[in-house]
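K.L.:
fold the following for me, if possible:
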Amino acid sequence: MATSNLDMALDDVIKSNSRRPVSALGRAPGGRAPGGRTPARRQSDADGRVVSGRAPGGRARRAPARQATRAKAAPYSGRPAARRGSNLDDEEEGMTTLKVSSTTKPNAVAGAICSVARKSNGHTMPSIAATGPAAINQAIKGLAIARKYLLEDDTPIDFIIQPQFEQDVRQGSNVIFELTATDGIEREPSEDDLSAKEKTDCFKLAGAVAGRVRNGEEVSITTKGQVPVLVAVKAISLAQSYVREEDLDIKFAIQFRDLEDPELRGSPASTFLHFAIVY
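P.N.:
Got it, this is the predicted structure:
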């Protein structure tokens, strides 16, 4: 994506750079996923999401042990691939910031992410800027869709995310999501997952995340809805600030999962966002 578009809203970038129409599922005609590469076949539902029949209470699948800064955290850590540059405004390194609004379609976000990632084989990943619960919710959905598409490619690309708030977390909701390519992460919801709701205190949730990270435990957050998603994102950012001086670096991988609401016994499954914490 051209660096002259760095300060454009994502909707404007999509309009100016689009070469072919995109369907409601974010795929171009011919069944190709955003970015133009044909994905490997994989079973999915009508909304293009990978379906898991596992509800909370199932045992999580742990990723293979990898090299990590702390041996006890190895099963839950993703080793980031090298990334070119770290400055959001570093035009020489081709860094791209995509601005997401409350009206931006998640599939448009996913398509833009996939395009940038595929052009560099994952060496350069975009950053996502969003402000407010609605925009952040759209950005997170777009990230989940992009991750699904990239993992379906012939040469899969996985990535992890770190939220950085531009203001005090107590007051503001201006966030930059930094993406980093990584080894594949396989995590599924479990009964031990934390949850975020509208009235959840993000500081208490952050403390719970940080506590499990310090103990080298697996930790995830499962949630849905604009405000709960904002609470989860703030909690992850706060948890990172709690453990920064302990040589721990908290990020997350995002995915959709169809689950039953644990508070509504016998209720039909609905779609949740699953934040798998890696460090």
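K.L.:
contacts and neighbour counts: CA atoms only from here.
P.N.:
Will do.
K.L.:
give me the distance between Thr124 and Val213.
P.N.:
Between Thr124 and Val213 the computed distance is 28 Å (Cα to Cα, to the nearest Å).
K.L.:
how about Ser102?
P.N.:
Counting by Cα to Cα, the gap from Ser102 to Val213 is 32 Å.
K.L.:
quick one: which of these two has more around it?
P.N.:
Neighbour count, other Cα atoms under 10 Å: between Ser102 and Val213, Val213 has more, with 24 against 16.
K.L.:
can you say which helix or strand has the more buried one in it?
P.N.:
Assigned by DSSP states H and E, Val213 belongs to helix 202-214.
K.L.:
any chance you could list what contacts the helix or strand following that helix?
P.N.:
Counting by DSSP H and E, the next helix or strand C-terminal to helix 202-214 is strand 220-223. Residues outside strand 220-223 that contact it (Cα atoms under 8 Å, 6 or more residues apart in numbering): 189, 193-197, 229, 232, 272-277.
K.L.:
strands of this structure, start to end?
P.N.:
With strands called from DSSP state E, the chain shows them at 97-100, 127-131, 158-165, 174-182, 194-195, 220-223, 251-259, 270-278.
K.L.:
mean neighbour count and distance to Ala117 added to those strands, as TSV?
P.N.:
Shown next, in TSV, are the strands of the chain (neighbours: other Cα atoms under 10 Å; distance: least, Cα to Cα, whole Å):
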stretch	mean neighbour count	distance to Ala117
strand 97-100	24	13
strand 127-131	22	11
strand 158-165	23	10
strand 174-182	22	9
strand 194-195	18	30
strand 220-223	24	25
strand 251-259	23	16
strand 270-278	21	20
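K.L.:
and of these, who's closest to Glu245?
P.N.:
With distances scored as Cα to Cα, the stretch of these nearest to Glu245 is strand 251-259 (15.5 Å).
K.L.:
show me where pLDDT drops low in the stretch 101-250 of the chain?
P.N.:
The model of the stretch 101-250 of the chain has no residue with pLDDT under 70.
K.L.:
80 instead?
P.N.:
Residue ranges of the stretch 101-250 of the chain with pLDDT under 80: 171.
K.L.:
what about the residue lying closest to Val109 once chain neighbours are set aside, how many neighbours?
P.N.:
Counting by Cα to Cα, 6 or more residues apart in numbering, Val109 lies nearest to Gly142, which is 5.0 Å off, once chain neighbours are set aside. Gly142 is flanked by 26 other residues according to other Cα under 10 Å.
K.L.:
got it, and the one 3 residues further on?
P.N.:
If you count neighbours by other Cα under 10 Å, Ile145 ends up with 28.
K.L.:
separation between the closest residue to it other than its chain neighbours and Ile236?
P.N.:
Nearest non-adjacent residue to Ile145, counting by Cα to Cα, 6+ apart: Ala110, 5.7 Å away. Look at Ala110 and Ile236: by Cα to Cα, they are 22 Å apart.
K.L.:
quick check, Leu179 in contact with Pro163.
P.N.:
No. Under the criterion of Cα atoms under 8 Å, Leu179 is not in contact with Pro163, lying 9.0 Å apart.
K.L.:
want to throw the contacts of strand 220-223 into a markdown table with distance to Gln138?
P.N.:
What follows is the contacts of strand 220-223, written out as a markdown table (distance: Cα to Cα, whole Å):
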| residue | distance to Gln138 |
| --- | --- |
| Pro189 | 21 |
| Asp193 | 23 |
| Leu194 | 22 |
| Ser195 | 19 |
| Ala196 | 17 |
| Lys197 | 17 |
| Val229 | 10 |
| Ala232 | 14 |
| Phe272 | 14 |
| Leu273 | 12 |
| His274 | 15 |
| Phe275 | 15 |
| Ala276 | 18 |
| Ile277 | 20 |
